[in-house]
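Q: Got a predicted structure here, sequence first:
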Amino acid sequence: MFRTIFEPFKIKAVEKIYLSSREERIKYLEGAYYNIFRLKSSQVIIDLLTDSGTSAMSADQWAAMIVGDESYAGASSWYNFLNALRELT
């Protein structure tokens, strides 16, 4: 059986992060009174509270961001979402 040693995708974006030591992380938590909502994003290596920062986006996701309609009222992205909901339900 053939087994790959790599992921079957290409990573499109890389962002360097600071890898804090255990001692630094303890200090951060103590300084935030053990309230993770008081931590700065730069103090978090992997954000498990949300899904942010745990994977790269696909080429299709990046493309959707570029062509997305960001207007607040009557955005085409709203109608795309609405049509998808109607198809599914």
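A: Nice, thanks for sending it over.

Q: how many other residues sit next to Ile45?
A: When neighbours are counted by other C-beta atoms under 10 Å, Ile45 registers 12. All C-beta atoms are positioned from the backbone trio N, CA, C, and that covers glycine.

Q: repeat for the one 3 residues further on
A: By other C-beta under 10 Å, 11 other residues sit near Leu48.

Q: And Ala59, by the same measure?
A: Other residues close to Ala59 by other C-beta under 10 Å number 11.

Q: same deal with the one 3 residues further on?
A: Burial of Trp62, expressed as a neighbour count using other C-beta under 10 Å, amounts to 12.

Q: and the gap between it and Thr50?
A: 19 Å (C-beta to C-beta, to the nearest Å).

Q: ok, which stretches of this protein are helices?
A: For the chain, the helices defined by DSSP state H occupy 22-31, 59-67, 76-88.

Q: Kindly reformat the ones you listed as TSV containing distance to Glu15 and mean pLDDT.
A: Putting those into TSV (distance: least, C-beta to C-beta, whole Å; pLDDT from 0 to 100) gives the following:
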stretch	distance to Glu15	mean pLDDT
helix 22-31	19	97
helix 59-67	14	82
helix 76-88	25	91
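
Q: Cool, thanks, signing off.
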